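# Quick one: sequence plus predicted model below, questions after.
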Amino acid sequence: MELHQLIYFKTVANLEHVSKAAEVLAISQPALSRSIAKLEEELGVPLFERQGKRIILNRYGRYFLKNVDRALQEIIEGRQALFDLQDANRGTIALAFLHSLGTHFVPALLGKFRKKYPDIQFNLYQNSTNFILNQLESGEIDLCFSSPSVTKKGIEWTPLFKEPLYVIVPKEHKLFQREQIHLKEIEDEPIITLKRDYGLRILTDQYFEAVGIKPRIVFEGEEISTVAGLVEANLGVALIPKILGYKANISFLPVSEPTCERTIGIAWMEGRYMPPVSKKFKDFVIRSFS
């Protein structure tokens with residue numbers, strides 16, 4: 001079954017006349033009749049009732065026409081979407097980012113970008129490092145913001161900024177009033193952290209190993225805000241980036257040794273076609289942090 005057969009069928013169905021349909025389609029009447037006959041043969045049912053020069057849709061034809069109408073509309077919309085994607089000043093960007101970047105970084109950056117390019121839209125996804133890198137590999141997204149803790153072949157990654165990681169403790173904790181802390185000082189504390197496939201978890205495990213800590217993990221979450229909430233509830237301590245605007249009864253303690261930080265960057269697939277609208281956003285982001 002080919003696209004032109006569906007277009008021919010729809011035209012004949014609407015006009016109920018082969019000769020008039022052939023004239024509209026600018027093909028010969030015998031060629032149009034052969035095309036309709038071949039389509040009916042492929043489907044295994046007749047689509048029309050012949051009444052002299054007129055042909056009328058039967059019940060099979062009426063059912064099939066509804067599906068053809070939907071299919072052709074999808075193709076028209078898809079074609080327009082592709083044209084839009086090739087327009088650097090409009091279209092939609094598929095972008096993914098880490099959970100922790102959704103509270104301030106991504107909203108602020110997208111707000112700044114859309115003031116300059118109001119016709120550009122975004123499809124946004126939020127998940128762990130591994131998940132969004134898999135989305136990037138599969139082509140589901142054009143770009144993502146991630147840390148380099150997990151590397152995958154074929155992914156280009158440009159660093160944007162570094163953010164420090166803090167030991168956070170609840171108000172009742174003995175370290176609450178400290179101005180800074182050595183990471184080794186939480187060796188015996190219950191640790192609240194993220195799940196194993198999260199980039200921040202991989203990074204914090206590396207810092208614990210560097211100072212010889214075997215963490216006693218009491219909870220593994222999916223969002224930094226959940227980790228902070230459990231620390232506030234006095235269930236343990238954590239090593240996370242600062243949460244802007246978070247005013248709970250916890251203290252963010254800078255780590256004096258080792259230097260605990262993570263680098264956030266923008267990633268895309270090497271050698272894969274990138275729509276102009278996505279390239280515009282990528283260049284905008286990199287310039288913003290250069």
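That came in fine, so what should we check first? None of the values given here were measured: they were computed from a predicted structure. Numbers count the residues shown, from 1 in each chain.

# For the rest of this, base every contact and every neighbour count on C-alpha atoms.
Will do.

# residue ranges with poor pLDDT in the protein?
80-81, 84-88, 149-151, 245-247 (pLDDT under 70).

# Break it down into its domains, please.
For the chain, automatic domain parsing gives the domain ranges 3-85, 91-160+265-289, 161-263.

# Now render those as a markdown table, adding mean neighbour count.
Shown next, in a markdown table, are those (neighbours: other CA atoms under 10 Å):
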| stretch | mean neighbour count |
| --- | --- |
| domain 3-85 | 15 |
| domain 91-160+265-289 | 17 |
| domain 161-263 | 18 |
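
# Helices of this protein, residue ranges please.
Secondary structure of the chain (DSSP state H): helices at 3-15, 18-25, 29-43, 59-85, 105-116, 129-138, 199-210, 224-232, 276-289.

# Quick check: which of the ones you listed is nearest to Ser146?
helix 129-138 (6.1 Å; CA to CA).

# Residues touching that closest one, excluding its own?
96-98, 125-126, 141-144, 146-147, 150, 152, 155, 197-199, 268-269 (CA atoms under 8 Å, 6 or more residues apart in numbering).

# how about a markdown table for the helices of the chain, with distance to Pro170 added?
As requested, the helices of the chain are exported to a markdown table (distance: least, CA to CA, whole Å):
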| stretch | distance to Pro170 |
| --- | --- |
| helix 3-15 | 65 |
| helix 18-25 | 75 |
| helix 29-43 | 69 |
| helix 59-85 | 48 |
| helix 105-116 | 25 |
| helix 129-138 | 28 |
| helix 199-210 | 19 |
| helix 224-232 | 5 |
| helix 276-289 | 34 |
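
# what's the closest of those helices to Leu244?
Comparing the helices of the chain by CA to CA, helix 105-116 comes nearest, at 9.6 Å.

# Remind me what the closest one packs against, helices and strands.
helix 276-289 (3 or more CA pairs under 8 Å, 6 or more residues apart in numbering; DSSP states H and E).

# switch the cut-off to 6 Å
Contact analysis of helix 105-116 by 3 or more CA pairs under 6 Å, 6 or more residues apart in numbering; DSSP states H and E lists no helix or strand as a packing neighbour.

# got the CA positions of it in PDB?
Extracted C-alpha coordinates of helix 105-116, given in PDB (Å, rounded to 0.1, in the frame of the first residue of the first chain):
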ATOM      1  CA  PHE A 105      18.500  26.500  36.700                       C
ATOM      2  CA  VAL A 106      16.300  25.200  33.900                       C
ATOM      3  CA  PRO A 107      13.300  27.500  34.500                       C
ATOM      4  CA  ALA A 108      15.600  30.500  34.600                       C
ATOM      5  CA  LEU A 109      17.500  29.500  31.500                       C
ATOM      6  CA  LEU A 110      14.400  28.700  29.500                       C
ATOM      7  CA  GLY A 111      12.700  31.900  30.600                       C
ATOM      8  CA  LYS A 112      15.700  33.900  29.400                       C
ATOM      9  CA  PHE A 113      15.800  32.100  26.100                       C
ATOM     10  CA  ARG A 114      12.100  32.400  25.400                       C
ATOM     11  CA  LYS A 115      12.200  36.200  25.900                       C
ATOM     12  CA  LYS A 116      14.500  36.300  23.000                       C
END
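
# Nothing else from me, thank you.
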